[in-house]
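> here is a sequence with its predicted model. Questions after.
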There are 2 protein chains.
Amino acid sequence: MIAVVGSVAFDAVRTPFAQGEKVLGGAAVHFALAASFFDEVHVVGRVGGDFGEEEFAVLRQRGIDVSGIERVAEGETFFWRGEYGFDMASRTTHETRLGVFADFNPTLSERARRADVLFLANIQPSLQRRVRSQVPSPRFAALDSMNIWIQGQRGELEAAIGEVDCVILNDAELRELTGLPSLYAAAQRLLALGPQAVVCKQAEFGASLYTPEGFFSLPAYPLEQVIDPTGAGDTFAGGFLGYVAANRSRPIDEALLREALACGIALASFNVEGLGTERLQRLQPQELAQRYAELARFSSFTPAPLPLRDLAAAG
Amino acid sequence: MIAVVGSVAFDAVRTPFAQGEKVLGGAAVHFALAASFFDEVHVVGRVGGDFGEEEFAVLRQRGIDVSGIERVAEGETFFWRGEYGFDMASRTTHETRLGVFADFNPTLSERARRADVLFLANIQPSLQRRVRSQVPSPRFAALDSMNIWIQGQRGELEAAIGEVDCVILNDAELRELTGLPSLYAAAQRLLALGPQAVVCKQAEFGASLYTPEGFFSLPAYPLEQVIDPTGAGDTFAGGFLGYVAANRSRPIDEALLREALACGIALASFNVEGLGTERLQRLQPQELAQRYAELARFSSFTPAPLPLRDLAAAG
């Protein structure tokens, strides 16, 4: 079982293809929908009275355990409103209303504490540490973060990183956290804090995996059109950790993490094809399997001996 | 033999590791040094009286044919001065002096016209077309361009693209040229103009190859530190086209272009490790062969059957 702790929210996104409709979102929701293809997911979150049966049903339909989502009837659910630029890379936030999420301080159920895999989505590092301490022996624990915590709670964040097996950040966050321009150097710095893996999310350029054993990178799945990139990173994390969780009998080594990363990339490619969670909700396993297999072909080549020029002979 | 037409220049670059020393540069120089590992390169360019024996010697030492570089004793060589930001991605130009390059309008020698492979580096599209028309039957012709020509000579550039086998642009240029946010869609648009391949240069995120047959992408070689990214794109093009040129007996198909792209990425990784051409000048073939082989391992994984959850059984 996978436990995820993070935001359950509403988003209103403007892109060239969306006019700011209010849709289901939040890191824990995107993560859970992706991971649910592989294992049971227990979501730990907090919502307001505006979060109703319709929203819970989206999660329940994928067999997701929502018993850890606290509903505060008189409160409001976390709400984010923003827009993306032409290339879907730059993102502007117009409004953030934390609502009941402002006082989020979860105590995990007995069941959640026995999770095999734990994902600490992007919340305060001090909260991530509290949650981490409640799950005594997960096979694999990972965390995400963001610029606010890097700037404001760096020490706590570094401590939290020392307590997980895997850090999942994007390229800008890796640089900001370490002060190093090279993503490779930045990843090495974080590995030195304790984790066995650092994953760098690179949006349209896929993702890279750094471990003490090596380096691995895959492109994003090529798409004609991106509708809404919101939640792509959490969907990636859900596919990545879901794959790890489902392979119960395999050691969590470089080979498994490479396959898991490909799985995360495949899932993220579907997420961005629809508004909010729309595309993931109707995703079929065989569609996922097809893109997963294609990714292996998109990045492989057979090195031939280099046809080097004999300069001595040429001269 | 490979013919390259483009700038032969001096650069003065400021990075966290360089204080703006004036060094040998220019697209044709970076390209030629890389391609010279694989085949004879004939450089077509124009320099001023400030370009001396020391500079010519750098090219000659690698067996490069400099007979097509016109030297205008009373003129000045193309000079570019600029700096890079912290992450080596953003680049600011402080000064550009075209010098004798302003009137560059090359007439190729009989020898150059028989080139097997032709690279039209970043110059005016109308000039690229004139040069292209002078080389009647290359096995493979490619061009690069930049934002100035995309904005100011779009029609000529599109016509030039229709006359080559391969377009090599970076991600921002692909988007600007086509007006399409998706790199995949942008590449399809350019393939429709005639070329058999579109290569997207993605700096630290490597490069991608788009052909009518498929999609291929490799990460950049991971480096602890980048000293000077200037010329990385042209070095990449030199490795890419050099590999194609040297494989005279193989068809120029998807498999060959994939290997060639890896070769370009390996070469570019050395270019950025030194100021200007410094690292390429002392590069040993075995160093290149090692990184080339490593790239195949950095991007390969063996897809296992997806460990999908049986939702019906779980519910």
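Okay, I see it.
> check contacts around the closest residue to A:Arg309 other than its chain neighbours.
Leaving aside its chain neighbours, A:Arg309 sits nearest to B:Phe38 (5.4 Å; criterion: C-beta to C-beta, 6 or more residues apart in numbering or on different chains). For the C-beta atoms, the positions are set from N, CA and C on the backbone; glycine is no exception. Applying C-beta atoms under 8 Å, 6 or more residues apart in numbering or on different chains to B:Phe38 gives the contacts A:Leu306, A:Pro307, A:Leu308, A:Arg309, B:Gly239, B:Gly242, B:Tyr243, B:Ala245, B:Ala246.
> what's the answer for A:Tyr243, then?
Contact partners of A:Tyr243, counting by C-beta under 8 Å, 6+ apart, are A:Phe38, A:Leu256, A:Glu259, A:Ala260, A:Cys263, A:Gly264, B:Leu306, B:Pro307.
> wait, isn't A:Glu254 in contact with A:Phe216?
Yes: counting by C-beta atoms under 8 Å, A:Glu254 touches A:Phe216, with 7.5 Å between them.
> mind checking which of the two has more residues around it?
Neighbour totals were compared for A:Glu254 and A:Phe216, and A:Phe216 leads with 26 against 18 (other C-beta atoms under 10 Å in any protein chain shown).
> so is the more buried one in a helix, a strand, or just coil?
Assigned by DSSP: H, G, I helix; E, B strand; the rest coil, the conformation of A:Phe216 is strand.
> next one: the one 4 residues further on
Using three-state DSSP, the structure places A:Ala220 in coil.
> which non-adjacent residue is nearest it?
A:Gly206 (4.5 Å).
> kindly report the same for A:Leu256.
Using C-beta to C-beta, 6+ apart, the nearest residue to A:Leu256 is A:Arg250, at 5.4 Å.
> contacts only, for A:Ser137.
Contacts for A:Ser137 (C-beta under 8 Å, 6+ apart) come out as none.
> chain B contacts on the stretch 51-200 of chain A?
Residues of the stretch 51-200 of chain A lying close to chain B (C-beta under 8 Å from any C-beta of the partner chain) are A:Arg62, A:Gly63, A:Phe86, A:Asp87, A:Met88, A:Arg175, A:Pro181, A:Ser182, A:Leu183, A:Tyr184, A:Ala185, A:Gln188.
> wasn't the first one part of a helix?
No: residue assignment for A:Arg62, taken from three-state DSSP, gives coil, which places it outside any helix.
> and the helices in the stretch 151-300 of chain A, which stretches?
In the stretch 151-300 of chain A, the helices defined using DSSP state H, counting those that start in this stretch lie at A:154-161, A:171-178, A:183-191, A:232-246, A:254-271, A:278-281, A:285-298.
> what's the spacing between A:Phe240 and chain B?
According to C-beta to the nearest C-beta, to the nearest Å, A:Phe240 stands 13 Å off from chain B.
> top of the residues of the stretch 51-200 of chain A next to chain B by neighbour count?
A:Leu183 (27 neighbours).
> report the contact partners of it.
A:Asp171, A:Leu174, A:Arg175, A:Cys200, A:Ser208, B:Glu204, B:Pro222.
> make TSV out of those and add distance to B:Arg46 and pLDDT.
Formatted as TSV, the contacts of A:Leu183 follow (distance: C-beta to C-beta, whole Å; pLDDT from 0 to 100):
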residue	distance to B:Arg46	pLDDT
A:Asp171	39	97
A:Leu174	43	98
A:Arg175	40	96
A:Cys200	43	98
A:Ser208	41	98
B:Glu204	32	95
B:Pro222	38	98
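> out of those, what pair is the most spread apart?
The largest separation in the contacts of A:Leu183, counting by C-beta to C-beta, is between A:Arg175 and B:Pro222 at 14.2 Å.
> can you tell me how far A:Arg113 sits from chain B?
21 Å.
> let me know the average pLDDT across the helix or strand harbouring A:Ser126.
Under the criterion of DSSP states H and E, A:Ser126 resides in helix A:125-134. Mean pLDDT, computed over helix A:125-134, is 98.
> please apply the same query to stretch A:238-247.
Here the average pLDDT along stretch A:238-247 is 98.
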